[in-house]
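> A structural model of the following input is requested.
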Amino acid sequence: MNENKNSYKQILKATTLFGGVQVYNILLSVIKTKLVAVLIGANGLGVLGLFNSTIRLIVDLTKVGLDTSAVKEISELNSNQGTHEVSSFISVLNKVIWITGILGAILVVCFSKPISVWTFGDDAYTVHFIWLAIAIVFSQLTNGKKAILQGTHQLKKLAKANLIGSSLSLVITLPIYYYFRIDGIVPAIILGFVIAYLVFLRYSNTKKNKVVKYSLSEVYQKSKPMLLLGVTMSFTSIVGALTLWLIQIYIRNKGGVEEVGFYSAGIVVINSYVGMVFNAMSTDYFPRLSAINKNNILVKEVVNKQANIAILIITPIILLFLTFDFLIIRILYTKEFLVILGFVTFGVLGTLFKAVSFSMGYVIIAKGDSKIFIKTSLFFNTLLFLICALSYNYWGLRGLGIGLLLHYIIHFTVLKILTYYLYNLTLNKAFYKTFLFCVMLCFLGFLGTLIDYKYIRFLVMVLIVLISVIFTIKEFNKQMNLKEILLRLLKINKK
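Numbering: from 1, shown residues only. The predicted structure is shown next:
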């Protein structure tokens, strides 16, 4: 029983640690997004969104999935091997990261003109993409440093690096947007990646990880297992980035660059502000799952606990957003961005299903089942593009939100069947009771948003939020005895 409580405490600790980091990042993003939206408008955000999605696509194309495969390898070495093996692997990783980063930059420079034509419809942004080759290099280098901290489970350092990197990026890039407006987008992107790398470099360099010198042929031989797994991860990442890029291109062709700006703004709300739980899942959950991936009983236990905590945390967040949706959009952006309300409302509801499906989906990656991972990735991303294209074509921005909700429900259903068939992975009855109650609360919350009388609407929504918060606290208390934890914290503060 104590072991079970400690397990829940570990998951909650990691979730709150990176949830806290995410909250801080959100506050910074509120300031940055608001000011950037005012300075460059929806059209500027559309240009920024297209640049970012293109950078992500090229990074995913050239990083060979190292940010994921390296975490898996380091996690296993860190739990089963000695310090020398970990240091040896990190030395190899650092060299491979540099090589892939430079290859990515060369690729961008060589194909800058066609990239500009594919992304914006003409070659006017050719020079911009040549400059963004610098961002490609530093993005890849940062991914390598993050993988080291994540794989060696140095979560506090990873959290600090995220906090400091976000803060410095805000302070340095905002004046660029202020003085140069849309012309400052490219310099701001480049500086953001450079700052992030320098901060993560500072926190990932420790005396424990001694540099081991290898020749290029030795680096190739020693990195083979990581690269083989990474190629699979890279393929699926490319598919995901390509899907996002194609959706934005489709929106640009149908509705223009401004519509891309609205879409990008909505995705930021859904993924960053409401989906803060997923940051903790990818940071702490994946390394823990990788370390026990051969024991299906432990995997099942960890997945159930993670899924349970994820939905308990995300449900009040969803309901809070539904309660203050108008106000949140107005604070984050400008009045013209209120058109994304319908898109964001449906997309946010989908994150409840996403929380569970991601908990199950990470099992496939942790197991290293590359063929299954490729097939599922192709299926889900193709489905996402088709659903979003059709829903946008018929219902505009609101349709994109409905499409996302539908996609997440299908994603949850298919992964539930697939993981049961492959690994005999099941979610227990206690989880389903909690999940169904959370679904019911979110459904009632959505119905509450349809009430015309604003005061009655507000009272109903606040009541539903309070019920969700009380329910979450009650469920956590069953597993971890929150009263005892709070009393300990109070005693420490008194001393």
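
> need phi/psi at residue 424.
Dihedral angles of residue 424 (phi, psi; degrees, to the nearest 10) stand at phi 60, psi 30.

> let me fix that, I meant to ask about residue 125.
The phi/psi pair for residue 125 (degrees, to the nearest 10) is phi -110, psi 20.

> that one against residue 113, yeah?
No: Residue 125 is beyond contact range of residue 113, at 9.4 Å (criterion: C-beta atoms under 8 Å). Where C-beta positions appear, they are placed from N, C-alpha and C, glycine not excepted.

> between these two, point out the one with more neighbours.
residue 125 (22 against 15; other C-beta atoms under 10 Å).

> how about that one, nearest residue that isn't a chain neighbour?
residue 116 (4.2 Å; C-beta to C-beta, 6 or more residues apart in numbering).

> likewise residue 157?
Leaving out its chain neighbours, the residue that sits closest to residue 157 by C-beta to C-beta, 6+ apart is residue 203, at 4.6 Å.

> in the host helix or strand of that neighbour, what's buried?
If you go by DSSP states H and E, residue 203 is part of helix 185-204. In terms of neighbour count (16 or more other C-beta atoms under 10 Å), helix 185-204 has its buried residues at 185-186, 188-200, 203-204.

> about what we covered before: doesn't residue 132 make contact with the residue nearest to residue 125?
No: Residue 116 is not in contact with residue 132 according to C-beta under 8 Å; the separation is 10.5 Å.

> the more surrounded of the two?
Per other C-beta under 10 Å, whichever of residue 116 and residue 132 has more neighbours is residue 132, with 26 against 20.

> is it true that that one touches residue 189?
Yes: using C-beta under 8 Å, residue 132 makes contact with residue 189 at a distance of 6.6 Å.

> shared neighbours of those two, anything?
Common neighbours of residue 132 and residue 189, counting by C-beta atoms under 8 Å, 6 or more residues apart in numbering, are 51, 55.

> thinking again about what came up before, chain center to the helix holding residue 203: distance?
Centre-to-centre, helix 185-204 and its host chain are 18 Å apart (C-alpha atoms, centre = their mean, to the nearest Å).

> export that helix to CSV, keeping only CA atoms.
Extracted C-alpha coordinates of helix 185-204, given in CSV (Å, rounded to 0.1, in the frame of the first residue of the first chain):
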residue,chain,number,x,y,z
ILE,A,185,10.1,37.5,-36.7
VAL,A,186,13.1,35.8,-38.1
PRO,A,187,15.7,37.4,-35.8
ALA,A,188,13.4,36.7,-32.8
ILE,A,189,13.1,33.0,-33.8
ILE,A,190,16.9,32.6,-34.2
LEU,A,191,17.7,34.3,-30.9
GLY,A,192,15.1,32.2,-29.1
PHE,A,193,16.7,29.0,-30.2
VAL,A,194,20.3,30.3,-29.4
ILE,A,195,19.2,31.4,-25.9
ALA,A,196,17.5,28.0,-25.2
TYR,A,197,20.7,26.1,-26.3
LEU,A,198,23.0,28.2,-24.1
VAL,A,199,20.8,27.7,-21.0
PHE,A,200,20.5,23.9,-21.6
LEU,A,201,24.2,23.6,-22.3
ARG,A,202,24.9,25.2,-18.9
TYR,A,203,22.6,22.8,-17.0
SER,A,204,23.5,19.6,-18.9
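
> that one packs against which elements?
Helices and strands touching helix 185-204, by 3 or more C-beta pairs under 8 Å, 6 or more residues apart in numbering; DSSP states H and E, are helix 2-62, helix 126-131, helix 133-151, helix 155-180.

> reformat these as TSV; add mean pLDDT and distance to residue 236.
Below are those laid out as TSV (pLDDT from 0 to 100; distance: least, C-beta to C-beta, whole Å):
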stretch	mean pLDDT	distance to residue 236
helix 2-62	68	9
helix 126-131	92	24
helix 133-151	85	15
helix 155-180	83	23
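
> which of these sits closest to residue 106?
helix 133-151 (7.6 Å; C-beta to C-beta).

> return the closest one as CSV; C-alpha atoms alone will do.
The C-alpha trace of helix 133-151 is given here as CSV (Å, rounded to 0.1, in the frame of the first residue of the first chain):
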residue,chain,number,x,y,z
ALA,A,133,19.2,27.6,-41.0
ILE,A,134,20.9,28.9,-37.8
ALA,A,135,17.7,28.2,-35.9
ILE,A,136,17.7,24.6,-37.2
VAL,A,137,21.3,23.9,-35.8
PHE,A,138,20.5,25.3,-32.4
SER,A,139,17.1,23.6,-32.2
GLN,A,140,18.8,20.2,-32.7
LEU,A,141,21.6,21.0,-30.2
THR,A,142,19.0,21.9,-27.6
ASN,A,143,17.1,18.7,-28.2
GLY,A,144,20.3,16.8,-27.4
LYS,A,145,20.8,18.6,-24.1
LYS,A,146,17.1,18.1,-23.1
ALA,A,147,17.5,14.3,-23.9
ILE,A,148,20.5,14.1,-21.5
LEU,A,149,18.7,15.8,-18.6
GLN,A,150,15.5,13.8,-19.2
GLY,A,151,17.2,10.4,-19.7
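
> just checking, what packs against it?
Using 3+ C-beta pairs under 8 Å, 6+ apart: helix 133-151 touches helix 2-62, helix 66-80, helix 83-110, helix 155-180, helix 185-204, helix 286-291.

> what about 6 Å?
Of the remaining helices and strands, those touching helix 133-151 by 3 or more C-beta pairs under 6 Å, 6 or more residues apart in numbering; DSSP states H and E are helix 2-62, helix 66-80, helix 83-110, helix 185-204.

> pLDDT score for residue 215?
pLDDT, residue 215: 59.

> same check on residue 212?
Confidence score, pLDDT, at residue 212: 56.

> likewise for the one 10 residues further on?
According to the predicted model, the pLDDT of residue 222 comes to 60.

> the one 10 residues further on too?
According to the model's per-residue confidence, residue 232 sits at a pLDDT of 64.

> what of the one 5 residues further on?
According to the prediction, residue 237 has pLDDT 72.

> what about it, helix or strand, and which?
Applying DSSP H and E, one finds residue 237 within helix 216-255.

> right, and the helix or strand after that helix?
helix 257-268.

> so which elements touch that following helix?
Judged by 3+ C-beta pairs under 6 Å, 6+ apart, the packing partners of helix 257-268 are helix 2-62, helix 216-255.
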